[in-house]
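Chemist: generate coordinates for the sequence data below:
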Amino acid sequence: MKPLRIGLLGIGTVGGGTFDVLARNAEEISRRAGRPITITHVADKNTALANQVVAGRAAVTDDAFSVVRNPDIDVVVELIGGYTIAKQLMLEAISNGKHVVTANKALLAVHGNEIFTAARAKGVIVAFEAAVAGGIPIIKALREGLVANRIEWIAGIINGTTNFILSEMRSKGLAFADVLKEAQAKGYAEADPTFDIEGVDAGHKISILAALAFGIPLSFDRAHVEGITKIEAIDIRYAEEMGYRIKLLGIARRRQGAGFELRVHPTLIPAKRLIANVEGVMNAVLVKGDAVGATLYYGAGAGAQPTASAVIADLVDVARLIDADVNHRVPYLAFQPDRIGSEPVLPIEEVETSYYLRLRVDDKPGVLADITRVLADNHISIDAMLQKEPDEGEAQTDIILLTHETIERNVKRAIAAIEAQPSTRGRIVLLRLENLA
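Modeler: Down below sits the predicted model:
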């Protein structure tokens, strides 16, 4: 059959990996796709690097728009990243009737609803397996493998940088700032790591997964996003003493009759859970379906070749579906366009989960009774408690409380009341806790 002709935009880490894997496994990929898949044009501002990578096997240009307008190109692979030029190029490609494969989670999370609407109008495919969790085929799992299930919740370690930092803080007892420097030295964190350590990258990804799981529009603007910059080694140690690990999780949960929770934040997880033992830069996504139960997807969440694996998987899908009737293709967000739901994403104050609270208080009689009274007044029950002996000569101590499930607004109200008590010293540390049972 006629080869599928690819225009590749961006030949950096992932683009170079895609070119390499596609060339190395060309025969195997062709057997699976039913036709050869060939990158015929590459656009990159660094044409010297691009020419070095392609070694004469594709035409190279610094004008990406010339590629998306080229009538000989069947599919545009967008690996530039960002919100601006990438969006213009993607919409231009769609306008020119070209199918698109992208790894750009930020663009899809923020502008995906517009992009998918444009693609539907032109009858072209937009594929994005590489946008979430690198080489882990979580998009296909949600769109195809779990299609019979009503998804109840998703909880994912979907940012390798933050998982590396928290893993190192736990194993070495180091402070956040020290481990961040180590991560940057090893190339696991960018020079400007804001998107990773503040949870924005994970927020983009969980927004995409929630849309696929629940059939709702992409809703990054309504997600609650917290990073790990305020995590202290002492809380990692206390969590460990109580049988928990702290991970940055992206969480999407269906709340029957109320809407959906969509949030990213540091989370205590029981140490016995498999996902709690995912260490270093690895990713893992736990999905709970009503029929299949809990399923765990684990692997490399970034890197040239793992992400290239996902890009090429999308190209094979396009090769198989390019001649299919538009109505028989898998919908972009796993649900038919006219069946996308309108249930709300709940504000963080309405989230219902368990909590870890660390309080610094005066070591004197009656303090604990005052605290428990405030909690009871706010409908919060205690599941476990750890009270530390004060250091010699100290008149203050730490109390660590784990609560049963409750509404977050109750917890925030209780914290304000406890912090106002004269025996409380400083701010109370709040972390959320998920049993993931």
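Chemist: pretty sure residue 191 is touching residue 184, no?
Modeler: Yes: using CB atoms under 8 Å, residue 191 makes contact with residue 184 at a distance of 6.8 Å. All C-beta atoms are positioned from the backbone trio N, CA, C, and that covers glycine.
Chemist: looking at the two, which one has more neighbours?
Modeler: Neighbour count, other CB atoms under 10 Å: between residue 191 and residue 184, residue 184 has more, with 15 against 5.
Chemist: work out for me the element that one sits within.
Modeler: helix 176-185 (DSSP states H and E).
Chemist: what is in contact with residue 191 and residue 184 at once?
Modeler: Here residue 191 and residue 184 have no joint contacts, going by CB atoms under 8 Å, 6 or more residues apart in numbering.
Chemist: contacting residues for residue 12?
Modeler: By CB under 8 Å, 6+ apart, the residues touching residue 12 are 44, 79.
Chemist: and what of residue 267?
Modeler: Applying CB under 8 Å, 6+ apart to residue 267 gives the contacts 155, 246-249, 251, 431-434.
Chemist: out of those residues, who has the most neighbours?
Modeler: Most surrounded of the contacts of residue 267: other CB under 10 Å gives residue 249, at 28 neighbours.
Chemist: and the gap between the closest residue to that one other than its chain neighbours and residue 225?
Modeler: Distances taken as CB to CB, 6 or more residues apart in numbering place residue 267 nearest to residue 249, at 4.3 Å, with adjacent residues excluded. Distance from residue 267 to residue 225, counting by CB to CB, to the nearest Å: 13 Å.
Chemist: against residue 354, how distant is residue 407?
Modeler: 11 Å.
Chemist: neighbour-wise, which of these two wins?
Modeler: Neighbour totals were compared for residue 407 and residue 354, and residue 354 leads with 19 against 16 (other CB under 10 Å).
Chemist: three-state assignment of that one?
Modeler: Of the three states, residue 354 takes strand under DSSP: H, G, I helix; E, B strand; the rest coil.
Chemist: residues touching it, list them.
Modeler: Contacts of residue 354 (CB under 8 Å, 6+ apart): 383, 402-406, 432-435.
Chemist: quick check: buried residues in stretch 260-276?
Modeler: Residues of stretch 260-276 classed as buried by neighbour count (16 or more other CB atoms under 10 Å): 260-270, 273, 275-276.
Chemist: could you point out which of those residues is nearest to residue 159?
Modeler: Closest to residue 159 out of the buried residues of stretch 260-276 is residue 264 (8.7 Å), distances taken as CB to CB.
Chemist: secondary structure element holding that closest one?
Modeler: Going by DSSP H and E, residue 264 is in strand 259-270.
Chemist: residue 360 now?
Modeler: Secondary structure from DSSP H and E places residue 360 in strand 352-362.
Chemist: mind checking how far that strand is from the chain centre?
Modeler: Centroid separation for strand 352-362 versus its chain: 26 Å, with CA atoms, centre = their mean, to the nearest Å.
Chemist: on that earlier part again, and the next helix or strand past the strand holding residue 264?
Modeler: That would be, after strand 259-270 and using DSSP H and E, strand 282-289.
Chemist: and that next one, what does it pack against?
Modeler: Judged by 3 or more CB pairs under 8 Å, 6 or more residues apart in numbering; DSSP states H and E, the packing partners of strand 282-289 are strand 151-157, helix 160-172, strand 293-300.
Chemist: just checking, what packs against the longest one?
Modeler: In other words, helix 160-172. Here helix 160-172 touches helix 176-185, helix 194-197, helix 233-241, strand 244-255, strand 282-289, going by 3+ CB pairs under 8 Å, 6+ apart.
Chemist: now swap in the shortest one and tell me
Modeler: With contacts defined as 3+ CB pairs under 8 Å, 6+ apart, the secondary structure elements packing on strand 151-157 are helix 200-214, strand 244-255, strand 282-289.
Chemist: quick one: strands adjacent to it?
Modeler: Next to strand 151-157 in the sheet, as set by DSSP bridges, lie strand 244-255 (antiparallel), strand 282-289 (antiparallel).
Chemist: relative to residue 244, how far out is residue 40?
Modeler: In this view, residue 40 and residue 244 are 52 Å apart by CB to CB.
Chemist: when these two are compared, which one has more neighbours?
Modeler: Remark: of residue 40 and residue 244, residue 244 carries more neighbours, 25 against 18, as counted by other CB under 10 Å.
Chemist: mind checking pLDDT for the closest residue to that one other than its chain neighbours?
Modeler: Nearest residue to residue 244 in three dimensions, chain neighbours excluded: residue 268, at 4.1 Å (CB to CB, 6+ apart). According to the predicted model, the pLDDT of residue 268 comes to 98.
Chemist: isn't residue 408 up against residue 380?
Modeler: No: contact criterion CB under 8 Å: residue 408 and residue 380 do not qualify, at 10.6 Å.
Chemist: could you count how many residues lie near residue 57?
Modeler: Residue 57 has 12 neighbours, counted by other CB under 10 Å.
Chemist: may I have the secondary structure class of it?
Modeler: Under three-state DSSP, residue 57 comes out as coil.
Chemist: and if you look at the one 10 residues further on?
Modeler: Secondary structure assignment for residue 67 (three-state DSSP): helix.
Chemist: what separates it from residue 123, distance-wise?
Modeler: Distance, residue 67 to residue 123, by CB to CB: 21 Å.
Chemist: what of residue 198?
Modeler: Distance from residue 198 to residue 123, by CB to CB: 38 Å.
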